[in-house]
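1. got a predicted model here, sequence first, then my questions.
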Amino acid sequence: MREDQCEVEPAEVHDVLGLKSTPKALLVRTGSNPEDLIWVPKSIIDEDSDVHEPGDTGTLRVPEWWAKKEGLA
């Protein structure tokens with residue numbers, strides 16, 4: 001892991017719905033547009049996130065570097 005990926009506050013993505021799950025990733029909808037779908041690696045979802053599984057709703061907490069890379073922050 002790169003140094004800039006360690007020990008930073010997670011980014012918060014609001015209004016997220018968990019849709020589908022695989023052993024390694026969670027498909028989520030961000031916002032109210034049904035087209036705003038993204039696969040999130042389960043390994044980067046913060047333990048304090050509201051969204052971990054299909055059916056979960058609320059705030060998704062992920063590393064800021066990843067949220068920026070995916071255009072979520």
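-> Cool, the structure landed.
2. assign a three-state SS to residue 14, would you?
-> strand (DSSP: H, G, I helix; E, B strand; the rest coil).
3. the one 3 residues further on now?
-> Using three-state DSSP, the three-state assignment for residue 17 comes out as strand.
4. what of residue 23?
-> With three-state DSSP as the criterion, residue 23 reads coil.
5. for stretch 60-72, give the mean pLDDT please.
-> For stretch 60-72, mean pLDDT rounds to 95.
6. list the buried residues of it.
-> Neighbour-count burial for stretch 60-72, counted by 16 or more other CB atoms under 10 Å, picks out 60, 61, 62, 63, 64, 65, 66, 67, 72. Yep, even glycine has a C-beta here, placed from its N, CA and C like the rest.
7. alpha carbons only: can I get the strand or helix carrying residue 65 in CSV?
-> In this structure, residue 65 sits in helix 64-69 according to DSSP states H and E. Output of helix 64-69 as CSV, limited to C-alpha atoms (Å, rounded to 0.1, in the frame of the first residue of the first chain):
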residue,chain,number,x,y,z
GLU,A,64,-10.4,9.2,-0.2
TRP,A,65,-7.8,8.2,-2.8
TRP,A,66,-10.2,5.6,-4.2
ALA,A,67,-13.2,7.9,-4.1
LYS,A,68,-11.3,10.5,-6.0
LYS,A,69,-10.1,7.9,-8.5
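8. for that helix, packing partners?
-> strand 10-21 (3 or more CB pairs under 8 Å, 6 or more residues apart in numbering; DSSP states H and E).
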